[in-house]
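>>> this is a predicted model, with the sequence first.
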Amino acid sequence: MSEADPEYYNHLRIELLDLFPRAPKRLLDVGCGSGATSAAAKARWPGVETIGVEVVAAAAQRAATRVDRMIEGSADSLDLAAAGITGVDGVLLADVLEHLVDPWGFLQRLRAVLAPEATVVASIPNVANLWLLDELAAGRFTYAGSGLLDKTHLRFFTRQSIAALFDGAGYDVRRWERVTDGRVDDATRRRIFGVMLPVPLGGHVAGKRVDVRGVDAEAYQDLRTYVFFVVAQPRTGNPSTGSG
């Protein structure tokens, strides 16, 4: 990935817009890329005000033609309140938090500009993916232009650490969704006489190199997960009941 790779910044994330329980009035699209998803939001929800944040200059210039307000810069250093951002009732964090130096601090600062009923929708890659565990067992941690080992990732998360991230920053996670990884299914599912056998649960799941024991149905789904989708809301009352 580089600034010369425009398609990296032009992904349309309709599946994330589908997770908003209601049409937002003011949508903050952090890491908006070239603004394709914000443009889709404006087409879906007439009257929504869109605010884009993007650190890559070329992508931000393109996004400026698609959003109502464009802020060029890093979310790590952005003072949202000083930028005049208030009353946000929808936030889109499409594969953003893993690129930040301090995603914990960012989510805490974000709360100050959110309306009480705001919805935050995030997509976050899963480092506890069984394909990646197999790669580690083979001694490989090879960065790539995109994917689980995108070379621009600074932070790595599991389902448990994602939950801790949002809890510690003062959010309640209302919904989890996932995108599964076909490479895990290829490694774990077995056929006998052309019939696909179920993965044994309550015991262990064997990848190509790694055996994971004590696996129940939910844990197996987590091993299959490529990206988690999180729908969260700012917590009322005491903003932090967990660890940051």
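Everything's here; your move. It should be emphasised that the depicted structure is a prediction, and the values quoted were computed from it without experimental measurement. Residues are numbered from 1 along each chain as shown.
>>> for the rest of this, base every contact and every neighbour count on C-alpha atoms.
OK.
>>> what pairs with residue 213 across the strands?
Taking DSSP bridges, one finds residue 204 as the beta-bridge partners of residue 213.
>>> which residues touch it?
Contact partners of residue 213, counting by Cα atoms under 8 Å, 6 or more residues apart in numbering, are 203-205.
>>> strands along the chain, start to end?
In the chain, strands defined by DSSP state E lie at 26-30, 49-54, 69-72, 88-94, 114-125, 171-180, 191-192, 195-196, 203-206, 211-215, 225-234, listed in chain order.
>>> what's the closest of those strands to residue 136?
Distances from residue 136 to each of the strands of the chain were compared using Cα to Cα; the minimum, 12.8 Å, belongs to strand 211-215.
>>> what comes up buried for the closest one?
Within strand 211-215, the residues that qualify as buried by neighbour count (16 or more other Cα atoms under 10 Å) are residue 215.
>>> and it, C-alpha only, in CSV?
Only the C-alpha atoms of strand 211-215 are listed here, as CSV (Å, rounded to 0.1, in the frame of the first residue of the first chain):
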residue,chain,number,x,y,z
ASP,A,211,-4.0,-27.4,17.4
VAL,A,212,-6.3,-25.2,19.5
ARG,A,213,-7.8,-27.1,22.5
GLY,A,214,-10.9,-26.4,24.5
VAL,A,215,-12.8,-25.0,21.6
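>>> could I get the average pLDDT for it?
Averaged across strand 211-215, pLDDT comes to 87.
>>> re earlier: of all the strands of the chain, which lies closest to residue 150?
Among those, strand 114-125 comes nearest to residue 150, with 9.9 Å by Cα to Cα.
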